[in-house]
Structures are given as structure tokens and as C-alpha cells.
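*Asks:* quick one, what's the 3D model for this:
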Amino acid sequence: MLAYTVRRILVSVPVLIVSTFIVFLVVVNSGDPVANFATSRQPPPSKAAVTAFARHIHANEPVVERYWNWITGVLHGDWGPSVQTNLDIGHDLFTRFRVTVTLVAAAMLLALVMSVVFGVFSAIRQYSAADYTITFLGFLFLAMPVFWFAVLLKQAGIWFNQETGSQFLGTIGEKSPYLEVDTTWNEFTDRVGHLILPTITLALVSFASWTRYTRASMLEVLDSDYVRLARAKGLRRGRVLTRHALRTALIPLATVTALDIAIILGGAVITETIFQWHGMGEMLVQAATTLDVYRTMAWLLLSAVVVIVFNLFADLLYAVLDPRIRYD
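*Replies:* Numbering: from 1, shown residues only. Model prediction:
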């Protein structure tokens, strides 16, 4: 398995280089930050200031040279210059990454638990009223746009706080700007309160599709020969479901979870914008608005690495879920 992991990592390197170069070309040609700098400032900057700004962001260099300087600089911890002259892109990126990871991890954990529980229950109660209800809810959440659902939950949170006279459900930011009593417990409960609504927003959208995959996979496994043999040997139903059927049924869920990480990161951009979290989503929106090439590329590179790591983890998880799978 170690040799397989090393091979996958080595294959991922050229994939990252090619994909980031293509994206770099797209981002560089999406707008002119120098012209934006010259026309958006009041009073208008002098020609010397515009020239210095263009030199600062390497706008006059060939695209290939700019990309090479950027990608080699990243290896040494230099993420390139920002249009905000005093901004350290690397520090800003990883500070915001911790915020986004908290949201994404909580949403994925909630979605996975719910999809396994409801998917398995729906499979063993096939064509029952509960199965139809879960199916209806799944398609309902699939049809909901993330931005609309997030706004709906935010308004519901504001109404709940007004009715209860509390501020338990945070609707703005990942934490309160100030606390009446600044203790570890108060800070923890405050962060949890701000985490609830964004987590539900991301989790329910993913839960809808993952539940369908779990249900379909579980139905296929329950009809397999080795499960029927386990039943014929007299094993208890719960043992057959958990020890024999569920492990194999989770393999498609592991695959779709790894593939959906890019969609979840995209949903996090919208969710963070609506709930005003200071995470990677806000960073991407700011970078795109100001035509900040290197800040945009930092977001895209880190997101690409996360996607590759998740796909590698999913491949390795197959061997844990199904002992028949071996990597040489």
C-alpha cells in the first residue's frame, strides 16, 4: 500500500502543474488589475504609481515566466504579491483555511452520519412509507439552491433568536466580535452556535445525494450471495447488516464523498458569503472582485490539493472496507 500511495502522489504532481497552469492562463486573462488600479482609485494615481503597481504584481512579465516564478515561489513559502500591497497571501490563506475546514468537516461529518443512517434504513424498509418520505426529502434538498437554502436558514435563525430572546444561533460570522464573559466555555458555545446554521446548509445538500447512493448500494449488497449465505447460517440480522453488508455498501459512498469535496468547497464559498464567515470563500470573492491573480491562484491550488488528498484517502479506504481489495 505504501508503494501505491507513493505512485499516486507522484502522478498527482504533473496533474497539479498542468491544471494550475491552465487555470493561471484563465485567471491572468480574466481582467486587467493594472487598469482596475488606475481607474478605481480616487484621486487617480500617478503614472509612476501605476508603473510601480504593475511591477509589484509582475504584470509586464510573460505569462510562462510569471507562472514559473509563482509555482517555484510557492515551494519556498512565497505565494506571490497581492494587489493589496501589505497582505501576506500565505498567512491570509492558512488563517482562512482553518475557518473553512471547521465548517466543511462539520458539514461532511453530519452529512455522512445522516446519509448512512437514513440510507440503510430506507434500504431495509424498501417501498415503505418511511422509504418514500426519505426519498421525497432527498429530492427536495437536491432541488434547493444552496444560496436560497442558506438565506432561508439565516432568516429562520434570526426569527428564532427574536422569539427566544437569545443569541444562541449565530447568523453573522464564525464567532461573536465580543463576549460578555470571555471564558473557554463561552467561546466554545459561541462558536458552536455560529456553526449550526452554515453546517446544516452544507450538510443537507450533500446528504440528499449521498443517501440515494447509500440506499442503492445497500439494496444491491443485501441481494448478494454472501449476505444470503450469512442469513442462511443463522447469523443475527443486525450482525449481517453491520459486519457483512454495510462495509461493502460504504465503498460507493466513499467514492462519491471524495468526488463531491470540490462541490462542497464551492458550496462553502456561497455559505460563507451569506453567513459572512471570514474563510476561504470570502477570500476567493475578494480576490475575484479585485482581480487579484496570485490570491485567486492560492485558493485554487490549496483546493486542488485537498481534492487530490481526498481522492487518495478514498482509494486507500477501499482496502479497509473490503478485504478483497489489495494494492501492490
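*Asks:* if I look at Thr214, how far off is Trp159?
*Replies:* Using C-beta to C-beta, to the nearest Å, we find Thr214 at a distance of 33 Å from Trp159. From N, CA and C alone the C-beta is placed, and that goes for glycine too.
*Asks:* for the two, indicate the residue with more neighbours.
*Replies:* Taking neighbours as other C-beta atoms under 10 Å, Thr214 and Trp159 compare with Thr214 leading, 28 against 11.
*Asks:* what packs against whichever strand or helix holds that one?
*Replies:* Taking DSSP states H and E as the definition, Thr214 sits inside helix 184-222. Secondary-structure packing of helix 184-222 (3 or more C-beta pairs under 8 Å, 6 or more residues apart in numbering; DSSP states H and E): helix 89-124, helix 129-143, helix 146-164, helix 246-275.
*Asks:* and it, how far out from the chain middle?
*Replies:* 13 Å (C-alpha atoms, centre = their mean, to the nearest Å).
*Asks:* quick one: low-confidence residue ranges for the stretch 101-250 of the chain.
*Replies:* 178-182 (pLDDT under 70).
*Asks:* redo that, cut-off 80
*Replies:* Filtered on pLDDT under 80, the stretch 101-250 of the chain yields the residue ranges 176-186, 238, 242-244.
*Asks:* who's in contact with Trp277?
*Replies:* Val99, Thr100, Leu103, Gly173, Glu174, Pro198, Thr271 (C-beta atoms under 8 Å, 6 or more residues apart in numbering).
*Asks:* of all these, which two lie farthest apart?
*Replies:* Within the contacts of Trp277, Thr100 and Gly173 form the most distant pair, 13.6 Å apart (C-beta to C-beta).
*Asks:* give me the contact list for the helix or strand where Arg66 lies.
*Replies:* Taking DSSP H and E as the definition, one finds Arg66 inside helix 63-75. Outside helix 63-75, the residues that touch it by C-beta under 8 Å, 6+ apart are 17, 20-21, 24-25, 28, 58, 61, 79-80, 294, 297, 301.
*Asks:* now swap in stretch 96-112 and tell me
*Replies:* With C-beta under 8 Å, 6+ apart, stretch 96-112 has contacts from 174, 195, 198-204, 206-207, 210, 253, 257, 264-265, 268, 271-272, 277-283, 302.
*Asks:* if we go to 7 Å?
*Replies:* 174, 195, 198-199, 202-203, 206-207, 210, 257, 264-265, 268, 277-281, 283, 302 (C-beta atoms under 7 Å, 6 or more residues apart in numbering).
*Asks:* same check, this time on stretch 292-299
*Replies:* By C-beta under 7 Å, 6+ apart, stretch 292-299 touches 20, 24, 27-28, 33, 57, 70, 79-83, 89, 93, 280, 283-284, 287-288.
*Asks:* among those, which are located in strands?
*Replies:* The members of the contacts of stretch 292-299 all map outside strands under DSSP state E.
*Asks:* in ChimeraX, how would I select the buried members of those?
*Replies:* Burial among these is assessed by 16 or more other C-beta atoms under 10 Å; the matching ChimeraX selection reads:
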select :20,24,27,28,33,57,70,79,80,81,82,83,89,93,280,283,284,287,288
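*Asks:* the contacts of stretch 292-299 in helices, which ones?
*Replies:* Secondary structure from DSSP state H places 20, 24, 27-28, 33, 70, 89, 93, 280, 283-284, 287-288 of those in helices.
*Asks:* show me the contact partners of stretch 238-247.
*Replies:* Outside stretch 238-247, the residues touching it (C-beta under 7 Å, 6+ apart) are Val120, Met218, Val221, Leu222, Tyr226, Val227, Ala230, Arg231, Leu321, Asp322.
*Asks:* now do stretch 218-229
*Replies:* Gly119, Val120, Ala123, Gln126, Val240, His244, Ala245, Thr248, Ala249.
*Asks:* neighbour count and distance to Thr183 for these - can I get that in JSON lines?
*Replies:* Putting these into JSON lines (neighbours: other C-beta atoms under 10 Å; distance: C-beta to C-beta, whole Å) gives the following:
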{"residue": "Gly119", "neighbour count": "26", "distance to Thr183": "40"}
{"residue": "Val120", "neighbour count": "22", "distance to Thr183": "41"}
{"residue": "Ala123", "neighbour count": "23", "distance to Thr183": "46"}
{"residue": "Gln126", "neighbour count": "12", "distance to Thr183": "50"}
{"residue": "Val240", "neighbour count": "19", "distance to Thr183": "49"}
{"residue": "His244", "neighbour count": "19", "distance to Thr183": "48"}
{"residue": "Ala245", "neighbour count": "25", "distance to Thr183": "47"}
{"residue": "Thr248", "neighbour count": "18", "distance to Thr183": "47"}
{"residue": "Ala249", "neighbour count": "27", "distance to Thr183": "44"}
